[in-house]
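the following block contains a protein sequence and its predicted model.
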Amino acid sequence: MDGFTQNLNAFVSLGTVLGQIFIFVVVILWLSVRFEGVRVRKLANDILSTLRPWGLTLGFFVALISVSISLIYSEIIGYEPCKLCWIQRIFLYPQVIILGLALWKKTKDAAEYCLALSVIGAVIAGYHFYGQSFNPSALPACDVAGGASCALRFFVEFGYVTIPMMSLTAFLLIIVCMILKKSTAGKQG
């Protein structure tokens, strides 16, 4: 593995871990708003209120960066996507266009479409990660033409970050961003 690929893997894996920390913090804030005392509830509400208007923008950048990284891995580095990776791409790639147009046109219903795409994508990515990590025989085999195996792990960083984990994290980040956006729309309208 060359230096560029190693550095990219480390950088993107660190971004994945930071994304997971963001997801964890937002979920804790949502739970705090519902179950904690008045002081904690107010602080959590203030933080969430600051994040809410940025939901669509954050979701767009998560999708854009994810698509860019997936294309770098396949087209520049040469990692051949497997069947499950292609399916995940089907649910990720359109979100760049949907969210980009939503930001440009200031539409309010894009969050619902991206939420649906991301939930399906997250289920597939979760299954892919589970299969790679715990049950490779459950994953689709290579096709007759010799395509990439879904069980193949091109790299593992931090003991668990693989391409399917990156995908799962991206979908979960988009889900969190779209829920933030929907909660903004609900408060305004």
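Structure received. If you're wondering where the values come from, they're calculated on a predicted model, not measured in any experiment.

how about stretch 92-102: buried residues?
Neighbour-count burial for stretch 92-102, counted by 16 or more other CB atoms under 10 Å, picks out L92, Y93, Q95, V96, I98, L99, A102. (Glycine included, C-beta is placed from N, CA and C.)

please report how far A116 lies from I77.
Applying CB to CB, to the nearest Å, the value for A116 to I77 is 31 Å.

so which of these two has more stuff around it?
Set A116 next to I77 and count neighbours by other CB atoms under 10 Å: I77 wins out with 15 against 12.

tell me which helix or strand the closest residue to that one other than its chain neighbours sits in.
Leaving aside its chain neighbours, I77 sits nearest to T5 (5.4 Å; criterion: CB to CB, 6 or more residues apart in numbering). Secondary structure assigned from DSSP states H and E places T5 in helix 3-35.

which strands and helices lie in contact with whichever helix or strand comes after that helix?
Following helix 3-35 in sequence order, the next helix or strand is helix 38-51 (DSSP H and E). Applying 3 or more CB pairs under 8 Å, 6 or more residues apart in numbering; DSSP states H and E, one finds that helix 38-51 makes contact with helix 3-35, helix 163-188.

rewinding a little: a markdown table for the buried residues of stretch 92-102, including pLDDT and distance to L18?
Formatted as a markdown table, the buried residues of stretch 92-102 follow (pLDDT from 0 to 100; distance: CB to CB, whole Å):
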| residue | pLDDT | distance to L18 |
| --- | --- | --- |
| L92 | 98 | 19 |
| Y93 | 98 | 23 |
| Q95 | 98 | 20 |
| V96 | 98 | 21 |
| I98 | 97 | 24 |
| L99 | 97 | 20 |
| A102 | 95 | 25 |
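
rebuild these as JSON lines, extending it with secondary structure and distance to S133.
Formatted as JSON lines, these follow (DSSP: H, G, I helix; E, B strand; the rest coil; distance: CB to CB, whole Å):
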{"residue": "L92", "secondary structure": "helix", "distance to S133": "21"}
{"residue": "Y93", "secondary structure": "helix", "distance to S133": "25"}
{"residue": "Q95", "secondary structure": "helix", "distance to S133": "26"}
{"residue": "V96", "secondary structure": "helix", "distance to S133": "28"}
{"residue": "I98", "secondary structure": "helix", "distance to S133": "31"}
{"residue": "L99", "secondary structure": "helix", "distance to S133": "30"}
{"residue": "A102", "secondary structure": "helix", "distance to S133": "34"}
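
what does stretch 97-104 contact?
For stretch 97-104, the external contacting residues (CB atoms under 8 Å, 6 or more residues apart in numbering) are 56-57, 59-60, 63-64, 107-108, 110-111, 113-114, 117.

quick one, the host helix or strand of I124 and helix 163-188 angle?
Here I124, judged by DSSP H and E, is contained in helix 110-134. Counting by axes from the mean of the first three to the mean of the last three CA atoms, to 10 degrees, helix 110-134 lies at 150 degrees to helix 163-188.
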